[in-house]
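Student: just to be clear, the model below is a prediction. Sequence and coordinates:
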Amino acid sequence: MTNGGLKPHPSGHSTPGLARVHEDQDRVLLRRMADGDEAALAELYDLWTERVHTLAFWILKDADDAEDVVEETFWQAWRTAGRYDGKRGAGSTWLMLIARSRALDRLRNRRRREDWTAAPSTASTLLDEVGARRAEIPSALVERTERHSELASALGALPDEQRVAVELAYLEGLSHTEIAARTSQPLGTVKTRIRLAMQKLRQVLKSLREEGS
Amino acid sequence: MSPTPGHDELQEMLPAAALQILEPAELEQVLAHVPSCRDCTKLLQEYREATAAFWLQLSPRQLDPARSRAVRARLMARARTDQSVQPVDRDFAAQLPSSGRATTLIYRWSGWMVAAGLAGVLLVHHSVHRPLDHGWLAAGVLVVLLIGLGIYARVQRSRVAELEDRQGAPAGRGSAQPGHDLTPA
């Protein structure tokens, strides 16, 4: 699998130091957007569109909806760039959280129309779904550079039950209670699984960040 | 869950808060605590970064290049239109129920001004040439039509505003503005 002709920056950082440079680049772009610089919006779009689309697609599993979310995400970034505070995190974090929020809003609206609760998934079906989303990861890892590979490896190393719980929360926006119902697990177990998984990911990110500073 | 969870309990809610999957009552408790706790503020930010990085495990899906170009072109066109709003106002304008373009006010009323002018011309014309028959009738029909159109436009506008409002409003699960819902200013 190729990285789809991505610009070098979002697809990976060769060194943690370089990652920081790229984070600074995102911050500068967002600051320029806040000042009304359209060219900065174009640059941000070119850098991040595939990542935003990837996330939107896996949440919505519909190409048209994902395309709409891409547009909504960058438009919201343009309109609210002035509110972005660089001290509170990377521009990419901000942008990807916008994308996830927009995609989940759309997913929840769709569910309200479709009465999604009529067809609960079994645990094995859920594991299959996770596998489908991750099917191409090994080859992707080969092409990704150190920092992202480490993080992706940490995600891959999570026990299946933790990964399923986090994925249901992340990609479907389900609450603890809803995840418990979908996986037929006690509520407390679901909460613990999500907490443990997130703690691991936070630790990996933190150590990567410390290496870079 | 107890009505007033302690610090440790609240800290355990932070991963779910970052994932935006807390129930409204839980979210309220976290929001009440985090701004006053430096440790939780930092932790929440770190969890938010972990959440945002989750896409790394997803298999890439490229947007069709032609469609990507079309989206880019639409965005740039919208941004150019948006430039009529002063940068300092754009942030405020983004919070308005409708998108809040600077030109909206003029745009909103220009059609009515043209229609009113046409109605006036018709009225004068028919009053001069046919004082007692079709003039008043035509003007009356026009006025009724304009009122009907106005009501229809207002209903549509309020529906759009409601939808945009719902889309942009901070909420417990998923629809919050990143960086402004759970992280203190």
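Tutor: Here it is on my side, so go on. On a predicted model such as this, the values are computed, not experimentally measured, just so you know. Numbering: from 1, shown residues only, chains lettered A, B, ... in the order given.
Student: by mean pLDDT, point me to the weakest helix or strand of chain B.
Tutor: Among the helical and strand segments of chain B, the one scoring lowest on mean pLDDT, DSSP states H and E is helix B:87-93, with a mean of 49.
Student: do chain A as well
Tutor: helix A:137-143 (a mean of 38).
Student: what about residue 53, neighbour count?
Tutor: Went with chain A since none was named. For A:His53, the neighbour count with other CB atoms under 10 Å in any protein chain shown is 26. In this view, the C-beta of every residue, glycine as well, is placed from N, C-alpha and C.
Student: ah, no, chain B please
Tutor: B:Ala53 has 23 nearby residues by other CB under 10 Å.
Student: B:Cys37 and A:Gln199: what is the separation?
Tutor: 18 Å (CB to CB, to the nearest Å).
Student: check B:Gly120 too.
Tutor: Distance, B:Gly120 to A:Gln199, using CB to CB: 71 Å.
Student: so which of the two has more stuff around it?
Tutor: A direct count of neighbours by other CB under 10 Å for B:Gly120 and A:Gln199 places A:Gln199 higher, at 17 against 11.
Student: now do the same for that one: its pLDDT.
Tutor: On pLDDT, A:Gln199 comes in at 93.
Student: assign it to helix, strand or coil.
Tutor: Following DSSP: H, G, I helix; E, B strand; the rest coil, we place A:Gln199 in the helix state.
Student: wait, it touches B:Pro15, no?
Tutor: Yes. Under the criterion of CB atoms under 8 Å, A:Gln199 makes contact with B:Pro15 at 7.0 Å.
Student: and A:Ala40, what helix or strand is that in?
Tutor: helix A:38-60 (DSSP states H and E).
Student: need the helices for chain A, in chain order.
Tutor: Per DSSP state H, chain A carries helices over the ranges A:8-11, A:16-34, A:38-60, A:63-80, A:91-114, A:123-133, A:137-143, A:146-156, A:160-172, A:176-183, A:187-212.
Student: if you could redo that for chain B, that was the one I meant.
Tutor: With helices called from DSSP H, chain B shows them at B:7-18, B:24-33, B:38-52, B:65-82, B:87-93, B:104-129, B:134-168.
Student: low-scoring stretches of the chain, by residue?
Tutor: Assuming you mean chain A. A:1-23, A:115-149, A:212-213 (pLDDT under 70).
Student: oops, I was thinking of chain B
Tutor: For chain B, the stretches with pLDDT under 70 are B:1-3, B:84-110, B:129-134, B:161-185.
Student: could you check how many residues crowd around the residue nearest to B:His125 when sequence neighbours are not counted?
Tutor: Nearest residue to B:His125, sequence neighbours excluded (CB to CB, 6 or more residues apart in numbering or on different chains): B:Gly135, at 7.4 Å. When counting by other CB under 10 Å, one arrives at 18 neighbours for B:Gly135.
Student: unless I'm mixing things up, B:Gly135 is touching B:Ser127, no?
Tutor: Yes. B:Gly135 is within contact range of B:Ser127, at 5.1 Å (criterion: CB under 8 Å).
Student: report the contact partners of the closest residue to B:Ala139 other than its chain neighbours.
Tutor: Once flanking residues are discounted, B:Ala139 sits nearest to B:Leu123: 4.4 Å by CB to CB, 6+ apart. By CB atoms under 8 Å, 6 or more residues apart in numbering or on different chains, the residues touching B:Leu123 are B:Gly135, B:Trp136, B:Ala139.
Student: nearest to A:Ala66, of the residues you listed?
Tutor: Relative to A:Ala66, the closest of these is B:Ala139; by CB to CB it sits at 51.3 Å.
Student: for burial, what's the neighbour tally of that closest one?
Tutor: Neighbour tally, B:Ala139, other CB under 10 Å: 19.
Student: what do you get for the one 4 residues further on?
Tutor: B:Val143 has 14 neighbours, counted by other CB under 10 Å.
Student: contact partners for it?
Tutor: B:Ala119.
Student: state the distance from it to chain A.
Tutor: With the distance defined as CB to the nearest CB, to the nearest Å, B:Val143 ends up 38 Å from chain A.
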